[in-house]
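Novice: structure, please.
(one chain, ligands or ions: 1)
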Amino acid sequence: MSFLTLEGVTASYGASQALFGIDLSVGEGEVVALMGRNGMGKSTTIKVICRLLKHSAGKVRFAGQDMSSLPAHKAARLGLGLVPEGRRCFTNLSVYENLYASARPGEWDFDKVHALFPRLGERSDQLAGSLSGGEQQMLAIGRALMTNPRLLILDEATEGLAPVVRQEIWASIATLKKTTGLSIIVVDKTISELRHVADKVVILERGETVWRGTIDGLSTDIKDQYLGV
Ligand SMILES: Nc1ncnc2c1ncn2[C@@H]1O[C@H](COP(=O)(O)OP(=O)(O)OP(=O)(O)O)[C@@H](O)[C@H]1O
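Specialist: From the prediction side, this is the model:
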């Protein structure tokens, strides 16, 4: 059964319409890759899911609830954990303080985050602003996990990172898939890495869902047409 469902979702920034019909579903424990070229509506879709932007038409349901009238903080409490594009760690807080700033009760705690990202555990007193880009990305993922979400959303989590660090982030996503029942949405362009973790792919083009299927079903034509690879 779908845990998150978007049906015919449209949304605008003021007078400028960005989403024209998004259809997307995520089952419990499923990893879904949200793909598409730059500016096609992936981050806007994430904002609608997290209620940071209201949709104007269509349906958004999460964990059995209609999300239409829910403010962002209530949506978060239902179990949405967002790792936003650009990480947005609290630079003047320590690693430990970042992790506990928005933590909610549940199985995730500092020790579990330390086990997933040993580098973070070793730097618990360091200010987030002095971490490397990769460490800040790990911290952003750790912070989202500390909210004990049921759906984790990773928006461009490997963007701009060195290959070795990207590998660490992909390994952590694979570990989460293997060892937790978390549902995950991954916004990323790296087909070779998504192949190891994604159960399903959804492609957006100009604010519409244009293709849904498995990663192995991505033909050369589809990749050429919608992903430019
Ligand atoms: N705050 C905003 N105000 C107005 N228009 C916006 C705003 N944010 C995004 N848009 C527009 O909405 C459309 C979809 O943008 P969005 O950021 O969702 O795309 P994306 O697929 O996430 O792109 P990228 O891969 O570059 O992050 C684009 O035309 C973009 O210019």
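
Novice: gap between Leu19 and Arg87?
Specialist: As defined by C-beta to C-beta, to the nearest Å, Leu19 lies at a distance of 24 Å from Arg87. Where you see a C-beta, it was placed from the backbone N, CA and C, and this is true even at glycine.

Novice: pLDDT of the host helix or strand of Leu78, averaged?
Specialist: Secondary structure here is read from DSSP states H and E; on that basis Leu78 sits in helix 72-79. Mean pLDDT, taken over the full extent of helix 72-79, equals 86.

Novice: Leu19 and Arg87: who's more crowded?
Specialist: A direct count of neighbours by other C-beta atoms under 10 Å for Leu19 and Arg87 places Leu19 higher, at 28 against 22.

Novice: following whichever helix or strand the more buried one is part of, which helix or strand shows up next?
Specialist: For Leu19, the element it lies in under DSSP H and E is strand 16-27. Following strand 16-27 in sequence order, the next helix or strand is strand 31-35 (DSSP H and E).

Novice: could you point out which element follows the lengthiest helix in the chain?
Specialist: The single longest helix within the chain, with elements called by DSSP state H, is helix 163-179. Reading on from helix 163-179 to the C-terminus, the next helix or strand found by DSSP H and E is strand 183-187.

Novice: how far does that next one sit from the chain's center?
Specialist: Here strand 183-187 shows a centroid-to-chain-centroid distance of 5 Å under the convention C-alpha atoms, centre = their mean, to the nearest Å.

Novice: packing partners of that strand?
Specialist: strand 2-13, strand 16-27, strand 31-35, helix 42-49, strand 151-155, helix 163-179, helix 191-197 (3 or more C-beta pairs under 8 Å, 6 or more residues apart in numbering; DSSP states H and E).

Novice: pairing partners for the first one, with directions?
Specialist: In the sheet, strand 2-13 lines up against strand 16-27 (antiparallel), strand 57-62 (antiparallel) (DSSP bridges).

Novice: ok, residues contacting the last one?
Specialist: So the one you mean is strand 57-62. With contacts defined as C-beta atoms under 8 Å, 6 or more residues apart in numbering, strand 57-62 is touched by 2-10, 21-22, 48-49, 66-68, 75, 78-80, 151.

Novice: let's see 6 Å
Specialist: Defining contact as C-beta atoms under 6 Å, 6 or more residues apart in numbering, one finds that strand 57-62 is touched by 4-10, 67, 78.
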